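Colleague: Please find the sequence and the predicted model below.
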Amino acid sequence: MSRIVFAPAIQRYIASPEREVSEATVGAALEAVFCIQPELRGYLLDDQGQLRRHLAVFVDGRAIRDRQHLSDGIGASSQIYVVQALTGG
């Protein structure tokens with residue numbers, strides 16, 4: 001199974017334990033987590049269902065490409081990290 005981890009910066013606002021998921025895409029994996037923890041949806045996704053600008057998702061160390069539909073694939077033993085993106089100048 002794949003593992004999804006939420007960074008400590010996110011944990012400050014919504015306690016989100018590490019979870020195992022068996023879904024094939026980032027979006028499906030997040031939906032599985034939202035079924036257990038619905039309050040996390042509004043923190044991670046905007047009203048269009050897209051990843052919020054201040055967040056980043058990495059699958060096996062690589063940033064996802066599809067921030068709108070979250071269709072990036074995940075393998076059977078992928079490591080998925082959801083972190084707050086650094087912005088500013």
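Modeller: Noted; the coordinates are in hand. Keep in mind it's a predicted model, so treat the numbers as computed, not measured. Numbering: from 1, shown residues only.

Colleague: burial measure for Tyr81, as a count.
Modeller: 16 (other C-beta atoms under 10 Å). Heads up, the C-betas are built off the backbone N, CA and C, glycines and all.

Colleague: contacting residues for it?
Modeller: By C-beta atoms under 8 Å, 6 or more residues apart in numbering, Tyr81 lies in contact with 4-5, 7, 57-58.

Colleague: packing partners for the helix or strand bottoming out on mean pLDDT in the chain?
Modeller: Within the chain, no helix or strand scores below helix 8-11, which has a mean of 92 by mean pLDDT, DSSP states H and E. Using 3 or more C-beta pairs under 8 Å, 6 or more residues apart in numbering; DSSP states H and E, the elements in contact with helix 8-11 are strand 79-84.

Colleague: thinking again about what came up before, adding secondary structure, distance to Leu40 and neighbour count, write the contacts of Tyr81 out as TSV.
Modeller: Below are the contacts of Tyr81 laid out as TSV (DSSP: H, G, I helix; E, B strand; the rest coil; distance: C-beta to C-beta, whole Å; neighbours: other C-beta atoms under 10 Å):
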residue	secondary structure	distance to Leu40	neighbour count
Ile4	strand	11	25
Val5	strand	13	17
Ala7	coil	13	14
Val57	strand	13	23
Phe58	strand	17	16
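
Colleague: Looking at those residues, spot the one nearest Ala76.
Modeller: Comparing the contacts of Tyr81 against Ala76 with C-beta to C-beta picks out Ile4 as the nearest, at 13.6 Å.

Colleague: how near is the closest one to Arg41?
Modeller: Remark: distance between Ile4 and Arg41 (C-beta to C-beta, to the nearest Å) = 14 Å.

Colleague: circling back to that earlier point, give me the mean pLDDT for the very next helix or strand once past the least confident helix or strand of the chain.
Modeller: Downstream of helix 8-11, the first helix or strand assigned by DSSP states H and E is strand 19-21. For strand 19-21, mean pLDDT rounds to 97.
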